[in-house]
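A.B. asks: following is a predicted model, sequence given first.
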Amino acid sequence: MSKSLPPHDSDIPFPQSAKIEKDMLIRVLQPLAAKGSLFTPANRLIQTGIATIVVLEYSAFLPNSSKNLVQHVQSAVDYYLKSPTAVVVEEGAKEISCQSYEKEELEKKILEFIIEHRMSTKGLDSKVDDA
């Protein structure tokens, strides 16, 4: 007896539709890698990682509307790119990448930076309308 797959908006089989959605999410997050100077590979990796985590966390707190996941994350990316947080992340990534931290200390610094520079979830309704 085989289990039935959950219903989807399209006729694409489940594993393939999940891959397509993943590819679309990666495309939506692409502007985060292009933001800022990204002067070294380490800086590029740290900045893109921090920005992605900040945006995905923020998107989790957006009001759940009828939008699909990709549109939901796109709203968070658009808001992030217009926010002062993008500049702070660029500067913070540059500062972190210039230090010679050991792996554990680097992980701790990045996590502390992310926690300190979360995007505010206060007044989300107006932010979503503006994005």
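C.D. replies: Yes, it's here.

A.B. asks: mind listing what Val70 touches?
C.D. replies: Contact partners of Val70, counting by C-beta atoms under 8 Å, 6 or more residues apart in numbering, are Glu21, Met24, Leu25, Val28. (C-beta placed from N, C-alpha, C; glycine too.)

A.B. asks: sticking with the residue nearest in space to the middle of the chain, tell me its helix or strand.
C.D. replies: With distances taken as C-alpha atoms, centre = their mean, Thr52 lies nearest the centre of the chain, 2.8 Å away. Using DSSP states H and E, Thr52 sits in helix 41-60.

A.B. asks: for that helix, packing partners?
C.D. replies: Packing contacts for helix 41-60, counted by 3 or more C-beta pairs under 8 Å, 6 or more residues apart in numbering; DSSP states H and E, involve helix 14-34, helix 69-82, helix 84-98, helix 103-116.

A.B. asks: what helices or strands is the longest one leaning on?
C.D. replies: Taking 3+ C-beta pairs under 8 Å, 6+ apart as contact, the helices and strands that helix 14-34 lies on are helix 41-60, helix 69-82.

A.B. asks: of all these, which lies closest to Gly92?
C.D. replies: Of all the helices and strands packed on helix 14-34, it is helix 41-60 that lies closest to Gly92, at 7.1 Å by C-beta to C-beta.

A.B. asks: buried residues, that closest one. List them.
C.D. replies: Buried residues in helix 41-60, defined by neighbour count with 16 or more other C-beta atoms under 10 Å: 42-44, 46-55, 58-59.

A.B. asks: what do you get for stretch 74-89?
C.D. replies: For stretch 74-89, by 16+ other C-beta under 10 Å, it's Gln74, Ser75, Ala76, Val77, Asp78, Tyr79, Tyr80, Leu81, Ser83, Thr85, Ala86, Val89.

A.B. asks: who's in contact with Ile50?
C.D. replies: Ile50 sits in contact with Val89, Gly92, Ala93, Ile110, Phe113, Ile114, His117, where contact means C-beta under 8 Å, 6+ apart.

A.B. asks: hmm, I was thinking of Gly92
C.D. replies: Contact analysis of Gly92 by C-beta under 8 Å, 6+ apart lists Ile50, Phe113, His117.
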